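>>> Pasting the sequence and the predicted model now:
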Amino acid sequence: MKKSPRRHAKKPAKSINRIYIDQSGKVEGSGDTVIAFANGKKTALLIKAKDKRAIQKLFRDRGKGKVFVFRLFSLLVYLLIKDIAFTEVVIDIEYLGKSSLIKGYLLELFRKKNSKNIQPSQILFHEIGKKCEAHWHSYYVYTGKRKPEKIVDLKLVKKSLQGILG
């Protein structure tokens, strides 16, 4: 009688907790900005236009006006996901050619402000499109059809950028 080949138990697949992030209302635009994530759950963060203008002035006064958009976008993403468990973050491409700059700022924030050990390979940039719930949640909050779960103001941004902005 032939013995059947020994079957090895399959290792469980590594669980991927991927979150998707999208923006409605550009950081450099004159209106409010909403950044949202979705991964089965959804959360949106809102920053008012008046606070963005004050933050932009703060950057200009420090001679860092050219990085304002990318620093603030990175900070908003950080504030949105800093307390969320994830293995990958997929950020919609909002600023073509600036993904590595934004990733660098985001990694810097996690290193300086958070105990999470985030690796560069965990932050990805792709067009996520309109089928993603993050897109629709940010859009509905931006248009006033939903309320944001978080609101960011000038005071929080100043506190968050302490030691980074110079």
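On my side now, so go ahead. Numbers count the residues shown, from 1 in each chain.
>>> and stretch 17-37, which residues are buried?
For stretch 17-37, the neighbour count (16 or more other Cβ atoms under 10 Å) marks 19-25, 27, 32-37 as buried. To be clear about C-beta, it is placed using only N, CA and C from the backbone, and glycine gets the same treatment.
>>> How about stretch 78-96?
78-81, 86, 89-92, 94-95.
>>> How far does that stretch sit from its chain's centre?
3 Å (Cα atoms, centre = their mean, to the nearest Å).
>>> Residue numbering should commence at 53 henceforth.
Sure thing, new numbering starts at 53, so read that last one as stretch 130-148.
>>> tell me the mean pLDDT for it?
Mean pLDDT, stretch 130-148: 95.
>>> Check which helix or strand Leu97 maps to.
Per DSSP states H and E, Leu97 falls inside strand 94-99.
>>> what about that strand, distance to the chain center?
Worked out by Cα atoms, centre = their mean, strand 94-99 lies 10 Å from the chain centre.
>>> Looking at it now, give me its mean pLDDT.
97.
>>> re the thing from before, from the buried residues of stretch 130-148, which two are the most distant?
Phe138 and Tyr147 (21.4 Å; Cβ to Cβ).
>>> Include pLDDT, distance to Lys165 and secondary structure when you put the buried residues of stretch 69-89 into JSON lines, please.
Listed next are the buried residues of stretch 69-89 as JSON lines, based on pLDDT from 0 to 100; distance: Cβ to Cβ, whole Å; DSSP: H, G, I helix; E, B strand; the rest coil:
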{"residue": "Ile71", "pLDDT": "96", "distance to Lys165": "18", "secondary structure": "strand"}
{"residue": "Tyr72", "pLDDT": "97", "distance to Lys165": "22", "secondary structure": "strand"}
{"residue": "Ile73", "pLDDT": "98", "distance to Lys165": "18", "secondary structure": "strand"}
{"residue": "Asp74", "pLDDT": "98", "distance to Lys165": "23", "secondary structure": "strand"}
{"residue": "Gln75", "pLDDT": "98", "distance to Lys165": "21", "secondary structure": "strand"}
{"residue": "Ser76", "pLDDT": "97", "distance to Lys165": "25", "secondary structure": "strand"}
{"residue": "Gly77", "pLDDT": "97", "distance to Lys165": "25", "secondary structure": "coil"}
{"residue": "Val79", "pLDDT": "97", "distance to Lys165": "19", "secondary structure": "coil"}
{"residue": "Asp84", "pLDDT": "98", "distance to Lys165": "24", "secondary structure": "coil"}
{"residue": "Thr85", "pLDDT": "98", "distance to Lys165": "20", "secondary structure": "strand"}
{"residue": "Val86", "pLDDT": "98", "distance to Lys165": "22", "secondary structure": "strand"}
{"residue": "Ile87", "pLDDT": "98", "distance to Lys165": "17", "secondary structure": "strand"}
{"residue": "Ala88", "pLDDT": "98", "distance to Lys165": "21", "secondary structure": "strand"}
{"residue": "Phe89", "pLDDT": "97", "distance to Lys165": "18", "secondary structure": "strand"}
